[in-house]
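Asker: The sequence and its predicted three-dimensional model are supplied below.
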Amino acid sequence: MAHPDLEAEQAYIDHAYDCLEASRRAAVGLRRLIERGPGGTHQNRWDSEVVDDVIRNRLAQLHLGDVALCFGRIDRAEGDSFHIGRIAVSDEHQEPVVVDWRAPVAEPFYRATGREPMGLERRRHFATKGRELLDIEDEHFGTGEAHDEIVGKGSLIAALEQSRTGYLGDIVATIQAEQDEIIRDELGGVVVVQGGPGTGKTVVALHRAAYLLYTHRFPLEGQGVLVVGPNRVFLRYIERVLPSLGEAGVELVTLADLVTEPVADVTDTPVAAAVKGDARMATVLARAVRDRQRPLRRDLVVPYGATWLRLTVPESERLVRAARRRARTHNAGRRIVEQQLWEALASQVRQPVSPDELRDHLRATDEVRAALEWMWPVLSPADLLRDLFGSPALVRSAARRALDEREQAALHRDRGGSRDDVTWTLSDVPLLDEARALLGPRVRYRTGKPFDEGDEIRTYGHIVVDEAQDLTPMQLRMLARRSLNGSMTVVGDVAQATGPAAPDAWDDVLAHLPDRKPARRRELTIGYRTPAQVMELAARVLTVAAPDLTPPRSVREGDAAPRIERVDPGELVRRVAEVVRDELRAVGGGRVAVIASESQSAELDEHLAAVGLAHGVASRTGLDADVTLLPVRLAKGLELDSVVVVEPARIVAEEPQGMRSLYVALTRATRRLAVVHADELPEPLREPAQAGATS
């Protein structure tokens, strides 16, 4: 039976869309009004560009596409009511028609409970498809009836059970109280969010970015907001969330995007990766820079007219010590060394000559250039690391008492023909950045301007870091360096830590982040994505992977119990293809992922094609295909309707944190899970399968 207010609420929603369209037309009209030809003063043109930027941003906010404008309503005990939606909409009299979900008045829509109604008499949730209102779910307060801890449970479950699209959707209509508390936390300091699989930590972090931009438009819009994800597959997966919330100006990056050097998607040996991520590398690089600040080995002697000018070795030591005291960064010290050199040489000329005149006369001579390059070379990060890693002697000098011989040897690699020939790895990224901070911009002597704008490290007013539990100390230092004032939102799950420096607790992560304010720790405890049957199986792995952690509580059951099948080795690929086809039929238009170890993914790509199973590969196609082959290292943070995990034992054997990687693989499904294996299962999965499963 239809809700009695369905027709009236549909009429209100139609009115809201009419007002939205009127606002859009008004913005377009303003843009046309300020359009100018090539004439006018420079100030007029600049003013016009500023206004045009504002209008374009407003038009972007007003473009909703297929997403719903209005998703609920609150009726307060005082008698007034507000419709809550994605953006604020007003009528022609500037009276509010829809209130932005981030506005303070909208907070009770997400936070009110039977015990603490926050002044509400009724909360109403809309089930919509675009502009069409399909159903209404009401919650009444002050009646003595019990309230579920889940807000708008019917709407939430309906949203969770929709088929995946290959892109993460926003949760603005179904934000839960524990999520909203984090989203609306104050700006400033580091907020750490621990959340198990499916608790919504990624969307919470993104909605928090949107909330902070709304609440603190000035200064954040000028300072910038940065979102850092673990890989490009993940960034592609989340790229539509913030635009759907009206915030299109946030930067989404991987760590490799933050350096100017070209980085290949290759990995170091496990030992080299562990060493390069260790905090001790900060000391090693600082010493490596200092080792390039050296007194002369022999006196510099240069002809000048009828005389000879000399800089002795002791004098060069004095120059280097002075530059070390005065320069904030290495490359800034080069100007100090040069100026002192010309002053020292000019003092030896009988007829008065200025240091600048002497510089113009002598700086191109081979002897002077060689002396300056020896004492204090201008370096780029690539120069420093290429020279360092290519010389065992330089590594020994820089790493003395910091790294042992085995660790030092792991850093060595051939220099190659030039710095442009070097293949920088993902583990090199934070080292390049550390070097950039130590070296500073390469500055032109005469103008004081940098050689390359890429030498500057940009800072941001707020930084969101996802899957932070996998970041090494050096990677964390890289992010801390970009924080303008220490304001960060850091989310992850220690149980899913699979990196080379997997932390035991969040204290290990916080030790390398800004500490201007005490960190605020939050935890998400309710699992929305992962069905209870799947979580029950994954929890058995968690007891081995991270025995001190508790899995999240699932709010719903899945379509079926996890399916576990053992096959003969020769039948593995054929059976995987059959199971995938079964899953495609079961999820009816949803997305299926095949998750395997890195090495087996390469094998499956070829073999699945040979047996006629059309599929995409995550690194090339994201999650666009109905079936995606997904190496376990790229699976974190993603969600699919159905997941087929292949050979869990190989995942455990090949990954640095094998059990934790298996836990990640098992918890990507929103509806169904299957496990296909020929090798013996890891012990946590060997217990009798759940009802309906086979083995």
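Answerer: Received, thanks.
Asker: Show me where the stretch 351-500 of the chain has its helices.
Answerer: 355-362, 366-375, 381-389, 392-399, 405-411, 429-439, 473-481 (DSSP state H, counting those that start in this stretch).
Asker: could you point out where the stretch 1-150 of the chain is predicted with low confidence?
Answerer: In the predicted model, the stretch 1-150 of the chain carries pLDDT under 70 at residues 31-55, 58-60, 143-148.
Asker: Verify the contact between residue 134 and residue 128 for me.
Answerer: Yes - with contact defined as Cβ atoms under 8 Å, residue 134 counts as touching residue 128 (6.2 Å). Using the backbone N, CA and C atoms, a C-beta is placed for each residue, glycine as well.
Asker: between those two, which one's more packed in?
Answerer: residue 128 (21 against 12; other Cβ atoms under 10 Å).
Asker: part of a strand, is the more buried one?
Answerer: Yes - counting by DSSP: H, G, I helix; E, B strand; the rest coil, residue 128 is found in a strand.
Asker: who are the neighbours in contact with it?
Answerer: Going by Cβ atoms under 8 Å, 6 or more residues apart in numbering, residue 128 touches 13, 68, 70-71, 134.
Asker: if I pick the most centrally placed residue in the chain, what's in contact with it?
Answerer: The centre of the chain sits closest to residue 228, judged by Cα atoms, centre = their mean, with a distance of 1.8 Å. By Cβ under 8 Å, 6+ apart, the contact set of residue 228 is 253-255, 463-466, 479.
Asker: switch to 7 Å and redo it
Answerer: 253, 255, 463-466, 479 (Cβ atoms under 7 Å, 6 or more residues apart in numbering).
Asker: Compile those into a markdown table and extend it with columns for distance to residue 560, pLDDT and neighbour count.
Answerer: Output for the contacts of residue 228, formatted as a markdown table (distance: Cβ to Cβ, whole Å; pLDDT from 0 to 100; neighbours: other Cβ atoms under 10 Å):
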| residue | distance to residue 560 | pLDDT | neighbour count |
| --- | --- | --- | --- |
| 253 | 39 | 98 | 13 |
| 255 | 39 | 98 | 20 |
| 463 | 41 | 98 | 26 |
| 464 | 36 | 98 | 25 |
| 465 | 36 | 98 | 26 |
| 466 | 30 | 98 | 24 |
| 479 | 41 | 98 | 24 |
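Asker: Could you find which two of those residues are furthest from each other?
Answerer: 255 and 464 (13.5 Å; Cβ to Cβ).
Asker: pLDDT weak spots in this structure?
Answerer: Judged by pLDDT under 70, the stretches of the chain that qualify are 31-55, 58-60, 143-148, 444-454, 687-695.
Asker: By residue count, tell me the biggest helix in it.
Answerer: Counting by DSSP state H, the longest helix found in the chain is helix 6-34.
Asker: could you say what helices and strands that one packs with?
Answerer: Here helix 6-34 touches helix 42-62, strand 89-90, strand 96-100, strand 132-140, going by 3 or more Cβ pairs under 7 Å, 6 or more residues apart in numbering; DSSP states H and E.
Asker: and for the last one, what are the contacting residues?
Answerer: Under the contact criterion Cβ under 7 Å, 6+ apart, strand 132-140 has outside partners 3, 5-6, 9-10, 13, 122-128, 147, 152, 154-155.
Asker: now the angle between helix 6-34 and it, please.
Answerer: 120 degrees (axes from the mean of the first three to the mean of the last three Cα atoms, to 10 degrees).
Asker: how close does the residue nearest to the centre of the chain get to residue 482?
Answerer: Residue 228 sits 9 Å away from residue 482, taking Cβ to Cβ, to the nearest Å as the criterion.
Asker: Mutual contacts of those two, please.
Answerer: In contact with both residue 228 and residue 482: residue 463, using Cβ under 7 Å, 6+ apart.
Asker: can you give me the strands in the stretch 401-550 of the chain?
Answerer: 462-465, 488-492, 520-524, 526-527 (DSSP state E, counting those that start in this stretch).
Asker: er, the stretch 101-250 of the chain actually
Answerer: Under DSSP E, counting those that start in this stretch, the stretch 101-250 of the chain gives strands at 120-129, 132-140, 190-195, 225-228.
Asker: follow-up on the earlier one: check which residues of the longest helix of the chain are buried.
Answerer: Within helix 6-34, the residues that qualify as buried are 9-10, 12-13, 16-17, 19-20, 23-24, 27, 30-31, counting by 16 or more other Cβ atoms under 10 Å.
Asker: now stretch 325-336
Answerer: For stretch 325-336, by 16+ other Cβ under 10 Å, it's 327, 329-336.
Asker: swap in stretch 411-421?
Answerer: 411, 419.
Asker: just the CA coordinates of it, formatted as CSV?
Answerer: Extracted in CSV, the C-alpha atoms of stretch 411-421 (Å, rounded to 0.1, in the frame of the first residue of the first chain):
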residue,chain,number,x,y,z
LEU,A,411,70.1,-0.1,-1.9
HIS,A,412,72.8,-0.5,-4.6
ARG,A,413,71.9,-0.4,-8.3
ASP,A,414,73.7,0.6,-11.4
ARG,A,415,73.7,4.3,-12.2
GLY,A,416,72.9,3.8,-15.9
GLY,A,417,73.7,6.2,-18.7
SER,A,418,72.0,9.3,-17.2
ARG,A,419,69.5,10.2,-14.6
ASP,A,420,66.8,10.1,-17.3
ASP,A,421,67.6,6.4,-17.7
